[in-house]
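Visitor: Turn this into a model:
(one chain, ligands or ions: 1)
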Amino acid sequence: MSTISSGFAEQLRQSSISDWNACVQHRFVDEIFAGTLDDAVLRRYLVQDYQFINRFVALLGAAIASADRFAPRVTLSQFAAMITSDENTYFLRSFDALGVPEPERLAPSLTPQTQAFQQLMHEAAQSLNYANCIAVLAVAEGLYLDWADQPAKQQLPLPVRFEHAEWITLHANDFFRGFVAWLRSELDRVGPALSDAARAEAAGYFQRAVQLERQFFDHVYA
Ligand SMILES: Cc1ncc(CN)c(N)n1
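Guide: Numbers count the residues shown, from 1 in each chain. The predicted structure is shown next:
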């Protein structure tokens, strides 16, 4: 697809395509689908990711606050409800299964990669700029849809353990597909009306987020 004729969402994705594809094809993705992910890796990932989710929900709140109309607030609120129910209980059940004690669930030491991601989400939220917020959300959810919903992987049987299977199905279902398509359509809707400077700012958030997603996957193997 040409980056000139495509919408803002696809232009942004193309601007980060090598990091984007590195995430979709990451070793973590292969191993979770195969059910061979090492428990120590999964545990590191989930403990850090729960701290990611904390700031992510705050970012959703900022997107809700900065949206230019009621309809996006409704869609974002419905997504926030899913994250704080089904996804939250997935983490809690996985922590139980992996024997993660309370202090590590609530206040683990944060890795530099988690801190950097939290900082990015904090900055986007503080900007109270809808395009910046949506740019980061579109990376976090768009990338997860792209790795979890790959046609070749969908033909495989789901892994046996729920810690692996549910992390896939939480990111490959019709509700999630609809939400990611909506995020992309929001970027396409608001992008053309932005000034050049505001568009560059949103692009900067998007590109930093894709780099951080890649580093986040990498660092749980370090
Ligand atoms: C780091 C990261 N990025 C994205 C997602 C998908 N919500 C996540 N759980 N963690």
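
Visitor: by contact count, what packs against the helix or strand containing residue 211?
Guide: According to DSSP states H and E, residue 211 maps onto helix 196-219. The criterion is 3 or more C-beta pairs under 8 Å, 6 or more residues apart in numbering; DSSP states H and E, and the helices and strands that helix 196-219 contacts are helix 8-15, helix 17-24, helix 39-66, helix 112-127, helix 130-148. In short, each C-beta sits where N, CA and C put it, glycine included.

Visitor: Next SSE downstream of the worst-scoring helix or strand of the chain on mean pLDDT?
Guide: The helix or strand of the chain with the poorest confidence is helix 151-154; it has a mean of 92 (mean pLDDT, DSSP states H and E). On the C-terminal side of helix 151-154, the nearest following helix or strand under DSSP H and E is helix 162-169.

Visitor: how about the helix or strand that comes right after that next one against the ligand, any contact?
Guide: Next along the chain after helix 162-169, taking DSSP H and E as the criterion, comes helix 174-190. No. Where contact is defined by C-beta under 6 Å from any ligand atom, no part of helix 174-190 touches the ligand; the two come within 9.3 Å at best.

Visitor: re the thing from before, deepest of the helices and strands packed on helix 196-219, which one?
Guide: Stretch with highest mean neighbour count among these: helix 130-148 (a mean of 24; mean count of other C-beta atoms under 10 Å).

Visitor: report the angle between the axes of that one and helix 8-15?
Guide: Put simply, helix 130-148 runs at 60 degrees to helix 8-15, going by axes from the mean of the first three to the mean of the last three C-alpha atoms, to 10 degrees.

Visitor: OK, contacts around the residue lying closest to residue 186 once chain neighbours are set aside?
Guide: For residue 186, ignoring the flanking residues on the chain, the nearest one in space by C-beta to C-beta, 6 or more residues apart in numbering is residue 134 at 5.2 Å. The neighbourhood of residue 134, defined by C-beta atoms under 8 Å, 6 or more residues apart in numbering, consists of 63, 183, 186, 187, 190, 202.

Visitor: between these, which has the most around it?
Guide: Counting neighbours by other C-beta atoms under 10 Å, residue 63 comes out on top of those with 29 neighbours.

Visitor: and that residue, what pLDDT?
Guide: Predicted confidence (pLDDT) for residue 63: 98.

Visitor: Going forward, the N-terminal residue is numbered 208.
Guide: Okay, residue one is now 208; in that scheme the one you just asked about reads as residue 270.

Visitor: which ones are touching it?
Guide: Contacts were defined as C-beta under 8 Å, 6+ apart; by that measure residue 270 touches 279, 283, 337, 340, 341, 344.

Visitor: Could you check how far the third one is from the ligand?
Guide: Look at residue 337 and the ligand: by C-beta to the nearest ligand atom, to the nearest Å, they are 19 Å apart.
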